[in-house]
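**Student:** take a look and give me a structure for this.
(2 chains)
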There are 2 protein chains.
Amino acid sequence: MDELPAFDPGCPMLGFLQIGDKWAAMIVVSLDGGPRRFTELKRALPAVSAKVLSETLRTMQRDGLVRRTSYPENPPHVQYQLTDLGRTLLPLIDAFGDWAAGHLDTLLRARQHYDSRAEPQVGRSS
Amino acid sequence: MDELPAFDPGCPMLGFLQIGDKWAAMIVVSLDGGPRRFTELKRALPAVSAKVLSETLRTMQRDGLVRRTSYPENPPHVQYQLTDLGRTLLPLIDAFGDWAAGHLDTLLRARQHYDSRAEPQVGRSS
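**Tutor:** Model (predicted):
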């Protein structure tokens, strides 16, 4: 077989592939219906810390996927919304969600099979 | 606007969404042409450490996406290949790659714009 070509570590595409991370995908889905405040997103994603959520939002803002608008009210408030570019991710995320939902049984069976063969490990986290 | 429904942190789908990570996607693409040895994959992905590569392969094995076969030769050798399930990810990854390639200019411009507005930070890594 031919030698595999190496992925170029300097390729700018590499960084963008990180937007495929699980929180970014869930943020895009959460913003599908319209602008949201940080506290609303935090409530929708209870498994993510406020620190990671705000870092992920900042990365998505930097990549032009999310727009942050602050309103000079009292108390001040900030809203996040999808940009047109961010919105183009929705069909991809839907397709991936359909894939995961359609193969959930197979995935769960594979995990059970793998774990049943694995050697017991002391102190293994659940 | 209606309150956002919370993503259930206990949902087993959450774990699978992690296979969307950048290394997993590149491993799937690297195995598209047939079985590969660990050293071949390592060479194809110079930006990933051997430790992370083997952890990612183990996770993909556990999820039934990759099959690991060891041949009792001298010296022994191990090969990784896509399972039928792993192969079903290829069109999704292709679609995401097309998205990234098609929007690369927009993404790069968004980053430049964001960085030009950001405050200079001492000791910021490049």
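**Student:** make it CA atoms for all contacts and neighbour counts henceforth
**Tutor:** Noted.
**Student:** can you pull out the strands in chain A?
**Tutor:** Taking DSSP state E, the strands of chain A run over residues A:36-37, A:66-71, A:77-82.
**Student:** wait, which of those is closest to chain B?
**Tutor:** Nearest to chain B among the strands of chain A is strand A:36-37 (8.9 Å), distances taken as CA to the nearest CA.
**Student:** helices or strands up against that closest one?
**Tutor:** strand A:77-82 (3 or more CA pairs under 8 Å, 6 or more residues apart in numbering or on different chains; DSSP states H and E).
**Student:** helices or strands next to the strand it packs on in the packing?
**Tutor:** In this structure, strand A:77-82 packs against strand A:36-37, helix A:38-44, strand A:66-71, with contacts taken as 3+ CA pairs under 8 Å, 6+ apart.
**Student:** worst mean pLDDT among these?
**Tutor:** Lowest mean pLDDT of the helices and strands packed on strand A:77-82: helix A:38-44, a mean of 89.
**Student:** quick check, that helix touching chain B?
**Tutor:** Yes - using CA under 8 Å from any CA of the partner chain, helix A:38-44 reaches chain B at A:40-41, A:43-44.
**Student:** same deal with stretch A:106-115?
**Tutor:** Yes - using CA under 8 Å from any CA, stretch A:106-115 reaches chain B at A:106-108, A:110-111, A:114-115.
**Student:** who wins for neighbours among the residues of helix A:38-44 next to chain B?
**Tutor:** Using other CA atoms under 10 Å in any protein chain shown as the neighbour criterion, A:Leu41 leads these with 23 neighbours.
**Student:** if you count neighbours, what's buried in stretch A:71-89?
**Tutor:** Buried residues in stretch A:71-89, counted by 16 or more other CA atoms under 10 Å in any protein chain shown: A:79-82, A:86-87, A:89.
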